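*Asks:* based on what follows, work out the 3D shape:
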Amino acid sequence: MSHPPARTDLACRNCGAQAPSKFCPDCGQETTLHPPTLGEFLHEFVGHYVALEGELWRTLWVLLRRPGRLTREYLDGRRRRYVLPLRLYLTASFLFFLVLKLTAGSLAPDTHVLVGQRQVTLAQFKAEAAAEAAAKASGATPATHHGPMERAHPNCGGASQPACGRIVGILDRGLAELQEHPQESMEHMRTHFLGWAPYAIFVLLPAFAGLMQLAYLGRRMTYGEHFVFSLHLHAFWFLALLVIALLPDSVSGIVWLAVPAYGTWAMRETYGGRWLPTVLRAVLVSVIYGVVLGVALLALGTALLASA
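*Replies:* From the prediction side, this is the model:
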């Protein structure tokens, strides 16, 4: 195994400053250089997006053991010893969606149930077609055929609501494709959902930070400070969902109960104040953000259904 040659000069190869130690005091580059191995390339690439170093375990310990303390440490200037908020969030979301992709087969809906539903729907369609044929034979005006979404929304399809009618038509075609090819359609939707969900949730991070700023409007805190809290709290949520996905249902309920308690405790640790106002703020933010998150995921699911 080859070792890097001993240094014969004390000048940094990057900026030329005197650098007698392992790192240049001016630019921070390593002073002992050697051609990188494949493992070092991979470590550097992944390390740009997720945390792999020893600070990760210290950070996770503080994040899980003391809700809100990690944000407080960052805002108080003690940052070097912990993983930075954005990298921690990316690490937690990466692990969660990676495990979700690996275990999605066991969590996917039973395609046999979908096939059974499809057979029932086809039987209904055949009955409707037979009724229409009988009506035509007798000279009566046949009833207009409607898709499942049109039957659910009978007033959404007329000339007065063309946009709504187009959306319903797109969803009807998606449902028909799902009924015709349930396994392929579910696989398509699952793959694309797991691909787009991380971006959708990441886009909502600023919205959550904005809600926290409104909840603590009287505090002299910048939007960036609320955003740090948002990153840390979402990182915990991803880790909690990761544990829930791996645990049996009989145990995962305990983690579900711990999630709102953690968020409330983290808010009090980060922002201070009495418990009652903190709980009220937590409930208000949770309800509003839950609606926003639900609408976003529903829109994503609708788009995937339309493209199925």
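
*Asks:* any low-confidence regions in the stretch 1-150 of the chain?
*Replies:* Scanning the stretch 1-150 of the chain for pLDDT under 70 picks out 1-9, 33-54, 104-150.

*Asks:* switch the cut-off to 80
*Replies:* 1-10, 13, 16-17, 19-21, 26, 28-55, 103-150 (pLDDT under 80).

*Asks:* list the contacts of Val292.
*Replies:* 204, 207 (Cβ atoms under 8 Å, 6 or more residues apart in numbering). From N, CA and C alone the C-beta is placed, and that goes for glycine too.

*Asks:* quick check: the gap between it and Arg13.
*Replies:* Plainly put, Val292 is 50 Å away from Arg13 if you go by Cβ to Cβ, to the nearest Å.

*Asks:* please apply the same query to Leu95.
*Replies:* As judged by Cβ to Cβ, Leu95 and Arg13 stand 36 Å apart.

*Asks:* tell me if I'm right that Phe96 and Ala240 touch.
*Replies:* No: here Phe96 does not reach Ala240: they are 9.2 Å apart, not a contact under Cβ atoms under 8 Å.

*Asks:* doesn't Gly218 belong to a helix?
*Replies:* No: assessed with DSSP: H, G, I helix; E, B strand; the rest coil, Gly218 is coil; it does not lie in a helix.

*Asks:* what does it show for phi and psi?
*Replies:* Main-chain dihedrals, Gly218, degrees, to the nearest 10: phi -80, psi -10.

*Asks:* start at 22, not 1
*Replies:* Sounds good: first residue 22 from here, last item Gly239.

*Asks:* near it, how many other residues are there?
*Replies:* 6 (other Cβ atoms under 10 Å).

*Asks:* which helices and strands sit right next to whichever strand or helix holds Ala261?
*Replies:* Following DSSP states H and E, one finds Ala261 within helix 244-267. The helices and strands touching helix 244-267, judged by 3 or more Cβ pairs under 8 Å, 6 or more residues apart in numbering; DSSP states H and E, are helix 76-86, helix 90-96, helix 106-128, helix 203-236, helix 270-292.

*Asks:* buried residues in the first one?
*Replies:* I take that to be helix 76-86. 76-77, 80-81, 83-84 (16 or more other Cβ atoms under 10 Å).

*Asks:* out of the residues you listed, who's nearest Val308?
*Replies:* Closest approach to Val308 among the buried residues of helix 76-86 (Cβ to Cβ): Leu84, at 24.5 Å.

*Asks:* and this protein, what are its domains?
*Replies:* 73-129+207-327, 132-204 (automatic domain parsing).

*Asks:* in stretch 287-296, what's buried?
*Replies:* For stretch 287-296, the neighbour count (16+ other Cβ under 10 Å) marks 287-292 as buried.

*Asks:* so which of those is the closest to Thr52?
*Replies:* Among the buried residues of stretch 287-296, and counting by Cβ to Cβ, the member closest to Thr52 is Thr291, at 39.5 Å.

*Asks:* next up, the contacts around the closest one.
*Replies:* 89, 92-93, 96, 250.

*Asks:* how many residues are close by His247?
*Replies:* By other Cβ under 10 Å, 24 other residues sit near His247.

*Asks:* angles on the backbone of Asn35, please.
*Replies:* Main-chain torsions, Asn35, degrees, to the nearest 10: phi -90, psi -50.

*Asks:* distance check, it against Lys43.
*Replies:* The spacing between Asn35 and Lys43, counted by Cβ to Cβ, is 14 Å.

*Asks:* for those two, indicate the residue with more neighbours.
*Replies:* Set Asn35 next to Lys43 and count neighbours by other Cβ under 10 Å: Asn35 wins out with 15 against 8.

*Asks:* ok, back up a step: mind putting the helices and strands packed on helix 244-267 into TSV with distance to Leu254?
*Replies:* TSV is the format used below for the helices and strands packed on helix 244-267 (distance: least, Cβ to Cβ, whole Å):
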stretch	distance to Leu254
helix 76-86	10
helix 90-96	8
helix 106-128	9
helix 203-236	8
helix 270-292	6
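
*Asks:* check the ones you listed for me and report the most buried one.
*Replies:* Comparing the helices and strands packed on helix 244-267 by mean neighbour count (mean count of other Cβ atoms under 10 Å), helix 90-96 ranks first with a mean of 20.

*Asks:* what does that one contact?
*Replies:* With Cβ under 8 Å, 6+ apart, helix 90-96 has contacts from 80, 83-84, 100, 103, 106, 246, 249-250, 253, 287, 290-291.
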